[in-house]
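Trainee: Any chance you can model this:
(2 chains)
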Amino acid sequence: MKCALFSGCRTGFDIPQHPTSAKAVLSRLNVKVEELEFGCCGYPVKEKNLDAFLLLSIRNLAIAQAHRLPVLTLCKCCFGALKQAEHYFQNDWEKRALINSMLQKEGLSYKGGVKIHHMLTLLDREVDKGVIQRSIIHPLDGIKVAASYGCHALRPSTITGLDDRPNAPTIFERIIALTGAEPVNWSKGLECCGNPLLDKNNAMAGDFVLKKYETAKLEGADIICTACNYCHMQFEHGRELILKSSGSTKPIPAILLTQLLGRAMGLENNLPGVETAA
Amino acid sequence: MLYTWSLFIASAVFLIGIIYRIIGFFRLNIGPDRAEFTTADRIKAFLSGLLDILVSPVRMFHFFKTVILNVVLQLPLMRQDPLKWFMHIGLYWGFFGLFFFHALEGYVSEVVFSDYQSTLNPFMALRNIAGVMVMTGVGIAVYRRKTNFRLKQISKHHDYLAIVLLALIMMSGFGLEAAKIISSGVFYDMVDEYGAMDYDEELPVLKAVWQEEFNVHFPGETIPVTPEIMEEGWLVNEDNCAACHANPRWAFVSYPVSIALKPVAGFFNRNRLDLLLLNIHFLSCFLGLAYLPFSKFRHILTTPISLIISGLAGQEIKRDENRATRRVFDLSACIQCGTCTSHCAVGPLFEIFNNQWVFPSERVTRIRESAWGRPMDKESRDAFSQGSFLCTMCNKCSQVCTAGMNLQDIWKETREQLAEEFLPDPAIRIRELCKKQQSEKAGQKAPVVFKPGKNPVFESLKKSLQAGAFSQCYTCLTCTNSCPVVDVTGEITELGSAPHQVIHALVLGQTDLAKDASIVWDCLTCYKCQENCPQGVRITDIFYQLKNMVYHQEFGI
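Mentor: As a prediction, this is how the structure comes out:
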């Protein structure tokens, strides 16, 4: 199969390892990716203007539609934004007409119905389990992984549809288990990472991520796994906070799902953190 | 006289402008006003960085590689857009060809080629080829700016002024060459100076040849032409002229122009309009020279350097002093080509916010103007801050920049500066505004007043897809119980710190109360409340909508 890879803005400078590792992993799984001229998913402007959010979001879907490709996002916030935009597009006819009239100026139009995947849903629903299992050549036996779900992909579940059971999802754990690692039952796995409040209420934003680090370690995790650009940046921010305040005690590493998979597939040998955790 | 003085003045303006720029590169600062480094520090760091390159063979290799591939051949541009590459190569090579071998012919062409004559081949044909290259580039530039949806939006007067000036130089050049071809005046001057012939017998036959074959027009003269006369004329031409004059047909643009001028040739030659064209040609060139340090033409000098810097160092420069210098320098390497803007992840937002500072190319221009002493008024600063913070820092602009600028660093520093000048992200500003209002109102224990009549905010909320369901709320508090923010803040002590209170305020039509509620502004947007609401109230989406409303109130969008 072939997908249009939607890396998300934050991968351009802050976490370039996300698309590179994703592409490496996908090539092992025979998923072809094409990188289109996507823009922002719209999530960052949602709090400012709904129309702005919809314009940016739908524009990406229109580009994907023009290339007849499903969209594959790496970031939970991008995934949620595109799903929400599709929901508005299908249900709010006024917005639908407004956005299409604006898209027309640059020669685009959207009819609705482009398939939107997140890396997790793609691996869970579109890629054969056997193919993934066969590609795991260095099983991560004995590593306990805490999956940080990421709010915007998980909820509102009726719109995003990441997992059938939004209050007890298992999709992330299912994928982690394929690598041979052991997913831990983490009480804060479904909680927010705190990133949306960064720069607005720094104390609270820091609180959330620190609590996630703390509980993950307490509940037996060796590493935290993320599948979202913003979550990942927030964990990197939290790591800095911990190192600044304590200095000596290092927090457990937080790595991207695609890095975890890459490691298990023998693609990334010098992945920081994994060796120390194992 | 006019030539000497205008050249002198233009060169003086050019030199002063260049010196002014160079001093500015090491003196000015982009970003928070910290005065970290002195000008001397920065010059020192620059020189030591330069020395690092010069002493390292590996870096010298990369230096030459960058110069050849990225500067001379412009391969990155080729990969991006072949039409743009073709346009720029035409402008760039054509212009430099003309500049060195035509404008500076006394210093270059005559030194390099022992038999150089501007009217001999291949020089005459090459000059036309170069002119055509530049004109082709100018034509494509106009076409792109007029047809590309995004470029059209950002093209300003000065972009067209640069194109017009370049076109004027080229067209006056072709016109001058054509005017000289038809000019009897030039013909007689040349005969006086270089001709060694019998004026009574040989001159008329030579004139016949130059009139018939080389398109010279002799006003008021009837020159007899017969095959014998022509034959003789060719011989005279061979003896006197051919050593320095190729057939003017080799000037394959100017010669057709001279044919087109034929109907007005008499008027042209009687009034010596070729001299007028000469004046226009060199004056427009000198105008370009004087204008260079103050216009986008300066990129001729700055962009190669910024391309070399990015080729050698990539996006990250080691020394902070050099980073500061590079920020200022990069701003002057920008050509306003609009590549960043066409690729900008949030560029389409111009449709909504109607704010030109959504576009990276426009922000660069404004930051440069501010840095060089043209501060913004309050309103523009507000709009500029809005545009700056719509940017998602995706780094695309730096990756596609045809001038090799590190825009990411410029955005980062500018945003820090804005935050320090009390112009942070508008989303943060409205948040603080609402929190302030809420605490002010908290003291007054005014009873909730039901406003009679229709409340437009309330009505619009009720109608919208995302917020319309709030009246279904029966205050079961599931939202509040599932809210992680309430969990962190602990007990609900003040009004507006729990989600259910906001929804209830809306049910009562108290939109102001809802908008100022602290939970709206501390919301993580984790959607837990909405997910768990048994009545299907889209609480998080309502909070988004309330934030949108305040943003609209404060910024008119």
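
Trainee: Can you give me the neighbour number for B:C394?
Mentor: Neighbourhood size, B:C394 [other C-beta atoms under 10 Å in any protein chain shown]: 24. Placement of C-beta: from N, CA and C, glycine included.

Trainee: ok, it - contacts?
Mentor: A:C9, A:R10, A:G12, A:F13, A:C40, B:A345 (C-beta atoms under 8 Å, 6 or more residues apart in numbering or on different chains).

Trainee: Show me what from the stretch 101-250 of chain A comes close to chain B.
Mentor: Within the stretch 101-250 of chain A, the positions adjacent to chain B are A:102, A:105-107, A:151-152, A:154-157, A:166-167, A:191-192, A:194, A:196-197, A:199-201, A:204, A:207-208 by C-beta under 8 Å from any C-beta of the partner chain.

Trainee: Just the buried ones among the residues you listed, please.
Mentor: A:102, A:151-152, A:154-157, A:166, A:191-192, A:194, A:196-197, A:200-201, A:204, A:207-208 (16 or more other C-beta atoms under 10 Å in any protein chain shown).

Trainee: what about B:G175, helix or strand, and which?
Mentor: B:G175 is part of helix B:157-182 when elements are defined by DSSP states H and E.

Trainee: Output the contacting helices and strands for the strand or helix carrying A:V25.
Mentor: Taking DSSP H and E as the definition, A:V25 sits inside helix A:17-28. Here helix A:17-28 touches strand A:2-6, strand A:32-34, strand A:254-256, helix A:257-264, going by 3 or more C-beta pairs under 8 Å, 6 or more residues apart in numbering or on different chains; DSSP states H and E.

Trainee: Pick the most deeply packed of these.
Mentor: For these, the largest average neighbour count (mean count of other C-beta atoms under 10 Å in any protein chain shown) is found in helix A:257-264, namely a mean of 27.

Trainee: Send me it as CSV with only the CA atoms.
Mentor: Coordinates of each C-alpha in helix A:257-264 appear next as CSV, following Å, rounded to 0.1, in the frame of the first residue of the first chain:
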residue,chain,number,x,y,z
LEU,A,257,7.2,4.4,18.7
THR,A,258,8.9,4.4,15.4
GLN,A,259,12.3,4.4,17.1
LEU,A,260,11.2,1.5,19.3
LEU,A,261,10.1,-0.4,16.2
GLY,A,262,13.3,0.6,14.3
ARG,A,263,15.4,-0.7,17.2
ALA,A,264,13.5,-4.0,17.2
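
Trainee: For B:L390, list the residues it contacts.
Mentor: B:L390 neighbours (C-beta under 8 Å, 6+ apart): A:P44, A:V45, A:K48, B:V346, B:L349, B:F353, B:N355, B:V358.

Trainee: farthest-separated two in the residues you listed?
Mentor: A:P44 and B:N355 (15.5 Å; C-beta to C-beta).

Trainee: what about the two, which has more around it?
Mentor: A:P44 (25 against 18).

Trainee: for that one, helix, strand, or coil?
Mentor: Of the three states, A:P44 takes helix under DSSP: H, G, I helix; E, B strand; the rest coil.

Trainee: Isn't B:K84 up against B:L77?
Mentor: Yes - B:K84 is within contact range of B:L77, at 5.9 Å (criterion: C-beta atoms under 8 Å).

Trainee: shared neighbours of those two, anything?
Mentor: By C-beta under 8 Å, 6+ apart, the residues touching both B:K84 and B:L77 are B:T402.

Trainee: which intervals of the stretch 151-278 of chain A have sub-threshold pLDDT?
Mentor: Counting by pLDDT under 70, the ranges of the stretch 151-278 of chain A that qualify are A:247-248, A:268-278.

Trainee: How about the stretch 351-500 of chain B?
Mentor: B:442-454.

Trainee: mind redoing it with 90?
Mentor: B:421-471, B:488-496 (pLDDT under 90).

Trainee: So which bits of it are right by chain A?
Mentor: B:351-353, B:390, B:392-396, B:399, B:408, B:424-428, B:431, B:465-466, B:484-485, B:488.

Trainee: picking that back up, and the helix holding B:G175, which residues are buried?
Mentor: Buried residues in helix B:157-182, defined by neighbour count with 16+ other C-beta under 10 Å: B:159, B:162-163, B:165-182.

Trainee: For the stretch 1-150 of chain B, which residue gets nearest to chain A?
Mentor: Closest to chain A within the stretch 1-150 of chain B is B:F149: 5.3 Å, counting by C-beta to the nearest C-beta.

Trainee: Find the centremost residue of chain B, please.
Mentor: Closest to where the C-alpha atoms of chain B average out (C-alpha atoms, centre = their mean) is B:Q336, at 0.6 Å.

Trainee: Secondary structure of that one: a strand, I assume?
Mentor: No - counting by three-state DSSP, B:Q336 is not part of a strand but coil.

Trainee: can you pull the pLDDT of it?
Mentor: pLDDT, B:Q336: 92.

Trainee: cool, and the one 3 residues further on?
Mentor: In this model, B:T339 is scored at 95, pLDDT.

Trainee: residues touching it, list them.
Mentor: B:Q80, B:K84, B:V400, B:C401, B:T402.

Trainee: between these, which has the most around it?
Mentor: Within those, B:C401 tops the neighbour count with 26 neighbours, counted by other C-beta under 10 Å.

Trainee: Just list the residues touching that residue, thanks.
Mentor: B:T339, B:C340, B:L407.

Trainee: Please report phi then psi for it.
Mentor: Main-chain torsions, B:C401, degrees, to the nearest 10: phi -60, psi 120.

Trainee: now the contacts of B:T339 as CSV including secondary structure?
Mentor: Converted to CSV, the contacts of B:T339 look like this (three-state DSSP):
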residue, secondary structure
B:Q80, helix
B:K84, helix
B:V400, helix
B:C401, coil
B:T402, coil
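
Trainee: Quickly check these for the two that are furthest apart.
Mentor: B:K84 and B:C401 (13.0 Å).

Trainee: nearest spatial neighbour of the residue of chain A most remote from its centre, skipping sequence neighbours?
Mentor: Centroid-distance maximum for chain A: A:K105 at 31.2 Å, with C-alpha atoms, centre = their mean. Closest residue to A:K105 apart from its sequence neighbours, by C-beta to C-beta, 6 or more residues apart in numbering or on different chains: B:F149 at 6.5 Å.

Trainee: picking that back up, give the buried residues for the helix holding A:V25.
Mentor: Under 16+ other C-beta under 10 Å, the buried positions of helix A:17-28 are A:Q17, A:H18, A:P19, A:T20, A:S21, A:A22, A:K23, A:A24, A:V25, A:L26, A:R28.

Trainee: next one: it to chain centre, how far?
Mentor: The chain centroid and the centroid of helix A:17-28 are separated by 13 Å, computed with C-alpha atoms, centre = their mean, to the nearest Å.

Trainee: ok and it relative to strand A:2-6, angle-wise?
Mentor: Orientation check (axes from the mean of the first three to the mean of the last three C-alpha atoms, to 10 degrees): helix A:17-28 against strand A:2-6 gives 170 degrees.
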